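**Q** Starting from these lines, generate the structure:
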Amino acid sequence: MGVIPGRPELFFPRIDGSTRLVGVMGWPVSHSRSPAMHNAAFAALGLNYVYVPLPVPPSEVATSVRALRGLGFAGVNVTVPHKAAVLPLLDVLTPIAAAIASVNTIVVRADGTLLGDSTDGAGFLEDLRAHGCEPAGRSILLLGAGGAAKAVAYALAGCGATLAVANRTRERADELCRLVLAALPSARITAHPFPDGLARLA
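**A** This is a model prediction of the structure:
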């Protein structure tokens, strides 16, 4: 693993017969900063992995996911617009991925099966706790109801937080609440308009 002269933010990995492949699948994906971040992390940790961008048009999602096994990938991240499209192509879904019908990580397991996960919620909780904030038992306002908000809402509700979801389109906040309650019937979660509902919530 080395650094490109004059561009210390860019790493070039050592690639040999033992290198493990990972990447990010999306359309488009050329703007993603994930390859730079992950390859820098692999270099710092001395891991023989390389992380590559995988531009996959919507028409090629099924072919590309099925190819992960044969090409020797350890796994990939999944970004827009494929997070829902990959669901029927996977062998196993984690509870959160099944609940929110969205996958941002595919793991190619040792037996060749494909595991779909959504890691945004777990990452959000881990960061809160690393900064001394335990969300269990707290009242939390979540602004937004799309993308990662679904995973974050599921994780917060699942750990015992009382959650108010405010979104510009009230219907999307309602939809997120229904989705979480379908998976976690005892969750304490309500939908509110944004910005009109903020004064009352505060």
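**Q** Test my guess that Gly23 contacts Tyr49.
**A** No - at 10.1 Å, Gly23 does not count as touching Tyr49 under the criterion of Cβ atoms under 8 Å. Just so you know, the C-beta spots here come from the backbone N, C-alpha and C atoms, and that holds for glycine as well.
**Q** Which one's more surrounded, the two?
**A** Using other Cβ atoms under 10 Å as the criterion, Gly23 and Tyr49 rank with Gly23 on top: 22 against 17.
**Q** roughly how far apart are that one and Ile100?
**A** Distance of Gly23 to Ile100, given as Cβ to Cβ, to the nearest Å: 23 Å.
**Q** swap in Val180?
**A** According to Cβ to Cβ, Val180 stands 8 Å off from Ile100.
**Q** Quickly list what's touching both of the two.
**A** Common contacts of Val180 and Ile100 (Cβ atoms under 8 Å, 6 or more residues apart in numbering): 150, 154.
**Q** so who does Ala155 touch?
**A** Applying Cβ under 8 Å, 6+ apart, we find Ala155 in contact with 96, 120-122, 124-125.
**Q** What values do phi and psi take at the residue lying closest to Asp91 once chain neighbours are set aside?
**A** In this structure, Asp91 finds its nearest non-sequential neighbour in Thr113, 4.1 Å apart by Cβ to Cβ, 6 or more residues apart in numbering. Torsion angles at Thr113 (phi, psi; degrees, to the nearest 10) stand at phi -80, psi 160.
**Q** ok, now the one 10 residues further on?
**A** Per-residue torsions, Gly123: phi -60, psi -40 (degrees, to the nearest 10).
**Q** count of residues packed around it?
**A** For Gly123, using other Cβ under 10 Å, the count is 15.
**Q** about what we covered before: in a markdown table, list the contacts of Ala155 along with pLDDT.
**A** Output for those, formatted as a markdown table (pLDDT from 0 to 100):
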| residue | pLDDT |
| --- | --- |
| Ile96 | 94 |
| Asp120 | 94 |
| Gly121 | 96 |
| Ala122 | 96 |
| Phe124 | 97 |
| Leu125 | 97 |
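**Q** Give me the longest helix you can find in the chain.
**A** If you go by DSSP state H, the chain has its longest helix at helix 170-183.
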